[in-house]
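Student: Curious how this folds, go ahead:
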Amino acid sequence: PANARDGTGWMLASGDRELFDRLEPALALMTGHVKYLGPQSERAAAFTLMGNLFLMEMTTGLMEMLSLAKALGVAPDEAASLFDWLNFGATVPARMRRVIDADYEAPSWELAMARKDARLMIEAAERAGLRLDALSATAAAMDRLIEEGHGHADWTILAKDALSR
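Tutor: So this is what the prediction gives:
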């Protein structure tokens, strides 16, 4: 892969620490960054899958954002300019903390209001003959939670099943 040829990118490792310590200098030459995640051999694979899922979902969000932009008559470069003045990436750690803390009773954005916005987005795309499949799946999950009586909860209640043990 290009990252291995260029010595860029990331490699996640787990398993025997002594073996990792011996191999890490060679691995760092191939990747640029190596992160040891502990002795459980499956841990690096788990983190790789979680990271790749996030990248897939983030890219899907970008694709759906461009579909909505098209539906609303906003050019791709103009839509992308949103990121020139709003750095959503910088909000990820705080958003993750809010999700993990599961404080649904002090909403920053009520689930019902988020669902209304999702409806407006889906309808705008449909009028233009486009689909927002990922958002439609999220909207269905929102609908289930609203039916359960969580409409006034913080919209991060979407994560409640992921957090329950």
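
Student: which parts of the longest helix anywhere in the chain are buried?
Tutor: In the chain, ranked by residue count with DSSP state H as the criterion, the top helix is helix 43-71. For helix 43-71, the neighbour count (16 or more other CB atoms under 10 Å) marks Arg43, Ala44, Phe47, Glu64, Met65, Leu66, Ser67, Leu68, Ala69, Lys70, Ala71 as buried. The C-beta positions use only the backbone N, C-alpha and C, and glycine is treated the same way.

Student: Show the subsequent helix or strand relative to that helix.
Tutor: The helix or strand immediately downstream of helix 43-71 is helix 76-80, counting by DSSP states H and E.

Student: what separates Ala2 from Met30, distance-wise?
Tutor: For Ala2, the distance to Met30 equals 11 Å [CB to CB, to the nearest Å].

Student: Could you check which of the two has the larger neighbour count?
Tutor: Legend: neighbour count by other CB atoms under 10 Å for Ala2 and Met30, higher for Met30 (16 against 7).

Student: Correct me if wrong: that one contacts Thr8.
Tutor: No - shown here, Met30 and Thr8 do not form a contact pair, counting by CB atoms under 8 Å, at 9.4 Å.

Student: Look up how far Gly61 lies from the residue nearest the centre of the chain.
Tutor: The C-alpha lying nearest the average C-alpha coordinate of the chain belongs to Phe54 (CA atoms, centre = their mean; 4.1 Å). The gap separating Phe54 from Gly61 is 10 Å, by CB to CB.

Student: do Ala26 as well
Tutor: Look at Ala26 and Gly61: by CB to CB, they are 36 Å apart.
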